[in-house]
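Asks: One predicted model, sequence on top.
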Amino acid sequence: MAITRPHDTYATPTDTDVAVVGNGPVGAALSVLLAQHGWRVTVVERRPRPYVLPRATSFDGETARLLAATGIGAELGRITEPATGYQWRTAAGDTLLDIAFSAQGRYGWPDANTMHQPALEELLAARAASLPGITVLRGHRVVDIHDQGQRVTLTAESADGTPRTLSARWVVGCDGANSFVREHLGVPMTDLGFSYEWLLCDVALREPREFTPTNVQICDPARPTTLVGSGPGHRRWEFMRLPGESSAELNKEEAAWRLLKPFGVTPDTATLLRSTTYIFRATWADEWRAGRVLLAGDAAHLMPPFAGQGMCSGIRDAVNLAWKLDLTLRGLADDCVLDTYAEERRQHVKDSILSSVQLGRMICVTDPTAAEERDATVLAGRRGRTRPGTPEPAKPLSAGLLGPSPSGAAGAVVPQGRVRAPGGTGLFDEVVGRGFVLLTTDDPRPALGEDRWSFLSALGTHVVRLAPPGATDQGVTDVDGFYRAYLAEHDATAVLVRPDHHVFGTANGPEATAVLVDGLRDRLGAAAPAAQLRRAG
């Protein structure tokens with residue numbers, strides 16, 4: 001259900017509420033999420049047409065859940081294929097690492113989803129085109145940004161050099177690794193200095209082939225190699241450039257076919273969509289906000305590909321930022337809440353980058369002796385292990401906008417189970433809805449009182465009381481006992497969940513639930529009457 005644009009509480013009018021620089025998956029997702037709340041969004045994109053070549057090849061189950069919030073969930077299955085697993089192998093074929101992926105993961109989506117990125121961008125573009133609040137200015141390059149305190153003016157030039165000035169409440173730079181917004185702000189970067197050059201080969205297979213598991217890392221010092229799925233009919237191979245090897249020679253098409261041939265990939269079996277070298281980096285912006293200008297996605301961080309978290313991290317940025325910008329624009333939160341965006345996401349991304357670097361240091365080994373020592377150490381640790389492992393849960397937040405006395409669940413991403421309501425049975429997000437959620441086994445109304453209830457209503461909170469076991473005609477039924485088990489695990493009767501599915505906190509009993517709600521109001525730093533929020537039917 002869309003939310004209409006509220007009364008303009010700002011004294012200075014602007015051309016748009018939020019200007020997003022860059023229309024890749026991160027910028028597109030952010031613009032859609034904001035427009036779904038009724039805000040005017042203008043996207044400024046330097047490319048005159050969509051980029052047709054793939055970059056990212058997969059996203060995890062948590063990210064699939066976040067992408068579904070943009071309204072494209074029903075279409076994701078058409079452009080993706082679930083990955084069956086991720087395996088590391090030695091040059092001799094011994095298994096160093098083995099992770100099995102589930103087609104129904106803890107967040108309600110496959111643990112790993114392979115995709116052809118242009119197809120994902122087409123879905124997001126179609127969704128954006130269906131929303132009246134979004135304007136996309138293609139073929140415009142941002143050349144200046146001026147923060148005037150209450151608004152930001154942004155100057156862009158078209159391909160023929162014609163300037164265009166735009167004013168906005170907020171500007172978000174989602175303009176990639178070579179971000180103009182970041183450079184203009186003069187934001188310093190922390191660079192871990194970990195980088196290698198790899199040849200990337202994207203192919204479209206002429207005939208269906210089964211690859212088991214879907215994703216494989218060959219830890220061969222003679223040539224570290226990566227094989228991954230990239231959506232229906234597509235696949236990617238990546239080959240590390242060896243010491244002393246020429247980048248120019250590796251970039252030739254014949255080099256790609258030579259390296260692909262041992263895998264049964266030839267001009268007769270596949271079409272080479274792209275063959276190019278790239279250098280990955282491990283770096284993040286030291287500041288993600290400067291006044292009314294913020295950074296997200298590759299403009300804020302870059303990481304090695306080995307954990308598959310590059311685009312996933314960018315989508316998390318977009319979702320985290322979207323709900324906080326929405327509340328700030330509505331006057332339901334002080335703009336200092338946007339400082340928690342940087343606090344939460346920067347630490348989260350640093351952890352992901354450090355994990356990716358750790359994996360990369362194991363993979364990018366070209367010395368045979370060092371590789372032999374690595375293999376012996378890892379295989380000794382795996383001795384007796386015959387079954388594959390499972391993916392780790394999504395990383396929890398370690399700081400930021402969390403409850404006043406964080407519980408063990410605070411900061412974690414709440415899993416998703418099936419529920420039944422009068423409208424039908426399905427995953428919680430689809431049946432109940434998205435946004436703030438207060439899930440409880442008690443009746444919270446007496447303890448919350450009118451004031452707290454109005455506050456939750458102003459936020460658009462879904463207050464869900466789980467129906468007693470066996471109930472068939474009241475409230476929301478926990479079909480598989482999933483949520484009752486979750487609450488019991490955390491010794492709680494209630495959990496308060498943020499719009500990005502991170503747990504704000506848990507409580508045991510109605511009085512503690514009231515304290516939890518007060519904690520959220522205090523952390524937001526502003527309260528507004530429920531009448532400020534109007535829902536469209």
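Replies: Great, that's in hand.

Asks: quick check, residue 93 in a strand?
Replies: No - applying DSSP: H, G, I helix; E, B strand; the rest coil, one finds residue 93 to be coil, outside a strand.

Asks: Backbone torsions only: list them for it.
Replies: Backbone torsions of residue 93, given as degrees, to the nearest 10, read phi 100, psi 0.

Asks: got the contact list for the spatially most central residue of the chain?
Replies: Closest to where the C-alpha atoms of the chain average out (Cα atoms, centre = their mean) is residue 315, at 2.7 Å. By Cβ atoms under 8 Å, 6 or more residues apart in numbering, residue 315 lies in contact with 25-26, 29, 59, 63, 66-67. Placement of C-beta: from N, CA and C, glycine included.

Asks: before we move on, what about residue 39?
Replies: 5, 17-18, 133, 325-326, 329.

Asks: 7 Å - rerun?
Replies: 5, 17-18, 133, 329 (Cβ atoms under 7 Å, 6 or more residues apart in numbering).

Asks: Show the average pLDDT along the top helix by length along the chain.
Replies: Counting by DSSP state H, the longest helix found in the chain is helix 337-363. Helix 337-363 carries an average pLDDT of 96.

Asks: State the next helix or strand along the chain beyond it.
Replies: helix 368-381 (DSSP states H and E).

Asks: returning to that earlier point: mind checking the SS state of the residue nearest to the centre of the chain?
Replies: Taking three-state DSSP as the rule, one finds residue 315 in the helix state.

Asks: Residue 318 - how many residues pack around it?
Replies: Residues lying near residue 318 (other Cβ atoms under 10 Å) number 28.

Asks: Please read the previous query as pertaining to residue 394.
Replies: The number of residues near residue 394, taken as other Cβ under 10 Å, comes to 22.

Asks: That one touches residue 61, doesn't it?
Replies: No - between residue 394 and residue 61 there is no contact under Cβ atoms under 7 Å: 8.3 Å.

Asks: Local confidence estimate at the residue of the chain positioned farthest from its centre?
Replies: In the chain, counting by Cα atoms, centre = their mean, residue 369 sits farthest out from the average C-alpha position, at 38.5 Å. Listed pLDDT for residue 369 reads 98.

Asks: Please apply the same query to residue 196.
Replies: pLDDT at residue 196 comes out at 96.

Asks: what's the nearest residue to residue 208 if we skip its chain neighbours?
Replies: Nearest non-adjacent residue to residue 208, counting by Cβ to Cβ, 6 or more residues apart in numbering: residue 233, 7.7 Å away.

Asks: ok, the one you found touching residue 203?
Replies: No - look at residue 233 against residue 203 with Cβ under 7 Å: they stay out of range, at 9.5 Å.

Asks: more crowded one of the two?
Replies: Set residue 233 next to residue 203 and count neighbours by other Cβ under 10 Å: residue 203 wins out with 22 against 16.

Asks: Parallel or antiparallel, list what pairs with the helix or strand where residue 278 lies.
Replies: When elements are assigned from DSSP H and E, residue 278 belongs to strand 270-279. Partners of strand 270-279 in the sheet, by DSSP bridges, are strand 197-205 (antiparallel).

Asks: Put the alpha carbons of the strand it pairs with into PDB.
Replies: Extracted C-alpha coordinates of strand 197-205, given in PDB (Å, rounded to 0.1, in the frame of the first residue of the first chain):
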ATOM      1  CA  GLU A 197      44.000  -8.500 -11.600                       C
ATOM      2  CA  TRP A 198      41.700 -11.100 -13.000                       C
ATOM      3  CA  LEU A 199      40.300 -11.900 -16.500                       C
ATOM      4  CA  LEU A 200      36.600 -12.000 -16.400                       C
ATOM      5  CA  CYS A 201      34.800 -14.000 -19.100                       C
ATOM      6  CA  ASP A 202      31.000 -13.900 -19.300                       C
ATOM      7  CA  VAL A 203      29.300 -16.500 -21.600                       C
ATOM      8  CA  ALA A 204      25.900 -17.400 -22.800                       C
ATOM      9  CA  LEU A 205      25.600 -21.200 -23.100                       C
END
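
Asks: If we go by neighbour counts, what in that strand is buried?
Replies: By 16 or more other Cβ atoms under 10 Å, the buried positions in strand 197-205 come out as 198-203, 205.

Asks: what's downstream of that strand, the next helix or strand?
Replies: strand 215-219.

Asks: And that following strand, how far out from the chain middle?
Replies: Mean-position distance between strand 215-219 and its chain equals 24 Å (Cα atoms, centre = their mean, to the nearest Å).
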